[in-house]
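Colleague: sequence first, predicted model second:
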Amino acid sequence: MGLIVREALVSDADKMLKIQLQVLAEQNYLLTTLEEFNQTVEGQKKWIEQKQVNERDVIFVAELEGEIVGWLMFQSPPRKRIFHTGTFGMMVDSNIRGQGIGTLLLTRLIDWATVNPSIEKICLGVFSTNENAIKLYQKMGFLEEGRKVREIKLDNGEYIDDILMYRFVK
């Protein structure tokens, strides 16, 4: 498998957006609904540029034989007292999940954060129903630090907890 994980380029915007739209359409894993999402390729390009100029933010893409099959974005807040933390979100093409893409993206993030002089703690939120993602995060050393009970309400009226997880890198 010719898989590489690298930092995102502005030229990746359209392919990243395609994966995001696919994951949004599944309606299972993200807070934003497809109806609420209105990002354009130009907007995505600007967003990537903004992340590239902040040394505490990064976007990684997983590329399989020239095609982007997943991506991960990490951002750190600007406030001084939480400057040492950051959160990430990850999306993998549904046709290729379960083949180690998420593990490779997370490994790259952890390696990057470990040598980044500002970042000490990586955080995330995950739907309590996303069992595969939770298992992956646990395998990668993330621990649950809290739970927002009934935080997410689906269109059918079902509630889902938002599980907060973390991992220290220093």
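Modeller: In hand now; what should we look at? Numbers count the residues shown, from 1 in each chain.

Colleague: and the residue positioned nearest the centre of the chain, backbone torsions?
Modeller: Nearest to the geometric centre of the chain sits residue 89, at 1.8 Å (Cα atoms, centre = their mean). Main-chain torsions, residue 89, degrees, to the nearest 10: phi -130, psi 150.

Colleague: and if you look at the one 3 residues further on?
Modeller: According to degrees, to the nearest 10, the main-chain angles of residue 92 amount to phi -130, psi 140.

Colleague: I'd guessed it sits against residue 69; true?
Modeller: Yes: applying Cβ atoms under 8 Å, one finds residue 92 in contact with residue 69, separated by 6.6 Å. Heads up, the C-betas are built off the backbone N, CA and C, glycines and all.

Colleague: picking that back up, ok, now which ones touch the residue nearest to the centre of the chain?
Modeller: Applying Cβ atoms under 8 Å, 6 or more residues apart in numbering to residue 89 gives the contacts 30, 72-73, 124.

Colleague: quick check: the farthest pair among those residues?
Modeller: 30 and 72 (13.8 Å; Cβ to Cβ).

Colleague: these two: which is more packed in?
Modeller: residue 72 (23 against 18; other Cβ atoms under 10 Å).

Colleague: just to be sure, the more buried one is in a strand?
Modeller: Yes: counting by DSSP: H, G, I helix; E, B strand; the rest coil, residue 72 falls inside a strand.

Colleague: in the sheet, who's paired with it?
Modeller: residue 60, residue 90 (DSSP bridges).

Colleague: who's in contact with it?
Modeller: Contacts of residue 72 by Cβ under 8 Å, 6+ apart are 59-60, 88-91, 105-106, 108-109.

Colleague: gap between it and residue 156?
Modeller: 29 Å (Cβ to Cβ, to the nearest Å).

Colleague: mind listing the strands for the chain?
Modeller: Ranges of strands within the chain are 3-7, 58-64, 67-75, 85-92, 121-127, 143-153, 159-168, based on DSSP state E.
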